[in-house]
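Novice: coordinates only, no sequence provided:
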């Protein structure tokens, strides 16, 4: 076994290799130590076995060091535990055999978070955990690890005066890509509850709760000089930006926000978000450098920065650590876990399942059960608050973690007792939101999920030229014009300067980026007629829809080729030659593989979740988050809705399913986006109760003074 592997499985310090004794133990001492026997018991055993064998008479002598004053039982010195945890305002140190870091290592090691110019905090925060040289190379300034800031605000508004259906979820790709703290979208939690029938049918709603989103990224790599500059990252600064937005909205100066907001004290959740490596650090293989040292120096790191900031990826990473032997295997070991967020709770659950019984979790926040207004704030990025509409009805508002995808199915099945059920079950706690349907589908509902199109369709581009010819410069046929039965049935028009249903947006944006659009003149040199423009529009739209489905399959094939079946990323180190193409911005990666058509899907499925602009984020991180099953279900939705008007073409849907099956991806009409009726906070409430029942000790409001690791050589 290699030294590294020995350290990983035993928890020994990197420089703590045992030395052979210069004086061999007497056989009697060996018996006493190995079998916990007294001196008298050893003597009786020896005489019984060897008394009549002359050649063994020498073994009858007592060892010199046990003669006369030898105790009847060997005295075992207590073994010093290598982990010492010091809390502020507590004089007694707590010692453990092992340490799990489920809080942000950058903060614990004193490197700090990203500032407005992207550099770490100055002055350097207090160091709680001294890093080793290898840990410093991974988390220190040289690694360039950086983060964004996410802020959500829950506000109460009266229903909009406009009687038209309002979108439940709406986002602006342009504002999201800028990531300078501007309000980029909202989710109407009350209408969401009505849609999912968690409110009583026919119930009068006089007030609606909105969760409003802001993202600020001071650490964008490869920024364009023309990009807006990030001006605020702290809670106060982002709240000022929010207040300016509300003032404009109340003056009817924000076209996509239909609500008037009365004066109130909103509930605000601000958090550092998505710690990730720079492209150069990814190229150097720091993700695998971290994987190599997991378990050494009595320490394992399970914070989201170890892989990807998502509950699913943290769960998958823990599975990887368990497989590699990087979690403590000694069931009698005492383990300290720093952080009671999803990473800490999942780490504790894995250890409990492995038979470890002595676990203590230290969390700096107060006990969330002590104050319901905290909204089950289990550190990390989960915050679920509930607002009462009346004595019997409440609305769940997700201020942090909110969605699931088909990729979560195995995890939810494994943790079904904490999720209160599995995915795809009737009347379960985990329920699907509407599929990504094109407006050609009969069940098309324009009032659920939408994108604000500002900045997405260029003047003189394909979509605006079609709008000029077909809709006075403002609209295009929704789902196609239906001319000559070439494409889909007529579903009215899509206004290209107002929020667009997400499924319709995917097709129009794909056409914008890849289609030619109407020519300036018809084949005879004259002006393109209205009828000619309709036919061209339908043909290009139908072709783009088919190519979009093919591109989704192509992405799945590429993902399988690069990642195989490994989650959350390949366990074996990727070579620099294979890694370098994955560190370019995802926009460029799409262009490199001729996959520009599927970009609009990623604008919502990836960027809107706060994981970085497609023009800046390394392709590697997008591949970690958007796995084949997500694209498979999305493709199924798009094709099935596109073919609703043509049952004779539905056989192509079977072809799509068969192609996916060849790739090991199952698909069906189950949905792409899922949510929890009781919110993510309830998952952690359930898990905490189980852990307490299993003997896990929680120490809330625990301010760490320092953590020492005995015998571990540190960088400072």
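Specialist: Yep, that arrived. As the structure is a prediction and not an experimental result, all values here were calculated from the model. Numbers count the residues shown, from 1 in each chain.

Novice: quick one: the helices in the stretch 101-250 of the chain, in order.
Specialist: 105-108, 133-139, 173-178, 189-195, 235-250 (DSSP state H, counting those that start in this stretch).

Novice: turn those helices into a markdown table, including mean neighbour count, distance to residue 452 and mean pLDDT.
Specialist: Backbone N, C-alpha and C define where each C-beta goes, glycine included. Below are these laid out as a markdown table (neighbours: other C-beta atoms under 10 Å; distance: least, C-beta to C-beta, whole Å; pLDDT from 0 to 100):
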| stretch | mean neighbour count | distance to residue 452 | mean pLDDT |
| --- | --- | --- | --- |
| helix 105-108 | 24 | 34 | 94 |
| helix 133-139 | 20 | 37 | 95 |
| helix 173-178 | 22 | 7 | 93 |
| helix 189-195 | 21 | 18 | 82 |
| helix 235-250 | 16 | 13 | 96 |
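
Novice: output these as JSON lines; include the columns distance to residue 568.
Specialist: Listed next are the helices of the stretch 101-250 of the chain as JSON lines, based on distance: least, C-beta to C-beta, whole Å:
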{"stretch": "helix 105-108", "distance to residue 568": "18"}
{"stretch": "helix 133-139", "distance to residue 568": "17"}
{"stretch": "helix 173-178", "distance to residue 568": "23"}
{"stretch": "helix 189-195", "distance to residue 568": "28"}
{"stretch": "helix 235-250", "distance to residue 568": "29"}
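
Novice: closest to residue 411 out of the ones you listed?
Specialist: helix 189-195 (23.0 Å; C-beta to C-beta).

Novice: and the closest one, what does it pack against?
Specialist: strand 208-216, strand 394-398 (3 or more C-beta pairs under 8 Å, 6 or more residues apart in numbering; DSSP states H and E).

Novice: lowest-confidence stretch among the ones you listed?
Specialist: Lowest mean pLDDT of the helices and strands packed on helix 189-195: strand 394-398, a mean of 88.

Novice: what are the buried residues along the helix or strand just after that strand?
Specialist: Downstream of strand 394-398, the first helix or strand assigned by DSSP states H and E is helix 409-414. Neighbour-count burial for helix 409-414 flags 409, 410, 411, 412 (criterion: 16 or more other C-beta atoms under 10 Å).

Novice: could you give the separation of stretch 265-273 from the chain centroid?
Specialist: Offset of stretch 265-273 from its chain centre (C-alpha atoms, centre = their mean, to the nearest Å): 18 Å.

Novice: and the contacts of it?
Specialist: 104, 113-114, 147-155, 215, 234-235, 238-239, 309, 373, 375, 377, 381, 383, 385, 399-400, 610 (C-beta atoms under 8 Å, 6 or more residues apart in numbering).

Novice: and these, which are buried?
Specialist: By 16+ other C-beta under 10 Å, the contacts of stretch 265-273 give 104, 113-114, 147-155, 215, 238-239, 309, 375, 377, 381, 383, 385, 399-400, 610 as buried.

Novice: any idea how far the spatially closest residue to residue 386 that is not a sequence neighbour is from residue 680?
Specialist: In space, and not counting its chain neighbours, residue 386 is closest to residue 394: 4.6 Å by C-beta to C-beta, 6 or more residues apart in numbering. Look at residue 394 and residue 680: by C-beta to C-beta, to the nearest Å, they are 16 Å apart.

Novice: quick one: residues in contact with stretch 619-629.
Specialist: 276, 282, 307-308, 310, 313, 405-407, 409, 556, 559-560, 562-563, 567-569, 579, 581-586, 588-589, 602, 605-606, 609, 611-612, 614, 663, 665-667.

Novice: which of the residues you listed are buried?
Specialist: Buried among the contacts of stretch 619-629 (16+ other C-beta under 10 Å): 276, 282, 307-308, 310, 313, 405-407, 409, 556, 559, 562-563, 567-569, 579, 582-586, 589, 602, 605-606, 609, 611-612, 614, 665, 667.

Novice: buried stuff in whichever strand or helix holds residue 283?
Specialist: Assigned by DSSP H and E, residue 283 belongs to helix 279-284. Using 16+ other C-beta under 10 Å as the test for burial, helix 279-284 gives 279, 281, 282, 283, 284.

Novice: any chance of TSV for those residues, columns pLDDT?
Specialist: Shown next, in TSV, are the buried residues of helix 279-284 (pLDDT from 0 to 100):
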residue	pLDDT
279	94
281	95
282	96
283	95
284	95
